[in-house]
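# no sequence for this one, just the structure:
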Ligand SMILES: Cc1cc2nc3c(=O)[nH]c(=O)nc-3n(C[C@H](O)[C@H](O)[C@H](O)COP(=O)(O)OP(=O)(O)OC[C@H]3O[C@@H](n4cnc5c(N)ncnc54)[C@H](O)[C@@H]3O)c2cc1C
């Protein structure tokens, strides 16, 4: 069999490794998130291929937008609790 090219990506540390290091729950090498893209660590959000499911750009963009929105809510909530 002949091939026209080979893309080697072995040994690259992925975002799942980073999540594991900080103690977020993972399963089958994917970061576990809830419907708000929150991981099991408060204030840590994940989006895209690293969360598993459909490995497509559209899903990564949706989750990224969702995570961004949830991060803002999280920070606002923290800030308002501090000033109260
Ligand atoms: C060959 C190929 C063809 C594809 N074709 C399509 C297609 O036609 N249509 C489609 O919808 N999808 C396609 N996909 C899938 C699509 O590319 C992915 O679903 C999408 O890129 C996921 O985006 P992401 O941001 O989650 O991850 P990525 O695009 O992989 O981005 C993650 C980024 O985080 C960086 N990173 C990881 N860990 C760390 C760290 N610890 N510190 C700093 N940076 C880190 C990585 O270097 C990378 O740049 C294809 C994928 C491949 C491989």
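Received the coordinates, thanks. Quick caveat: nothing in here was measured; it's all calculated off a predicted structure.
# hey, let's count contacts and neighbours off CA atoms from now on
Will do.
# just checking, residue 64 touches residue 49?
No - assessed by Cα atoms under 8 Å, residue 64 is found out of contact with residue 49, at 10.6 Å.
# show me where the protein has helices.
Along the chain, the stretches classed as helices by DSSP state H are 15-21, 57-83.
# where among these is average confidence lowest?
Among the helices of the chain, helix 15-21 has the lowest mean pLDDT, at a mean of 89.
# which residues sit against it?
Helix 15-21 is touched from outside by 25-26, 29-31, 50, with contacts defined as Cα atoms under 8 Å, 6 or more residues apart in numbering.
# with stretch 23-40 instead?
Residues contacting stretch 23-40 (Cα under 8 Å, 6+ apart): 16, 19-20, 41, 44-47, 50-52, 63, 66-67, 70.
# would that stretch count as contacting the ligand?
No - counting by Cα under 6 Å from any ligand atom, the ligand has no neighbours in stretch 23-40; the shortest distance is 11.3 Å.
# model confidence over that stretch, on average?
96.
# flag every buried residue along it.
For stretch 23-40, burial by neighbour count (16 or more other Cα atoms under 10 Å) applies to 24-26, 30-33, 37-40.
# what's the first-to-last distance across that stretch?
The first and last residues of stretch 23-40 sit 8 Å apart, counting by Cα to Cα, to the nearest Å.
# please renumber so the chain begins at 23
OK, 23 is where the count begins now, so the last one is stretch 45-62.
# just give me how far that stretch sits from the chain centre.
7 Å (Cα atoms, centre = their mean, to the nearest Å).
# please apply the same query to stretch 85-94.
With Cα atoms, centre = their mean, you get 10 Å for stretch 85-94.
# list the buried residues of it.
For stretch 85-94, burial by neighbour count (16+ other Cα under 10 Å) applies to 85-86, 88-90, 92-93.
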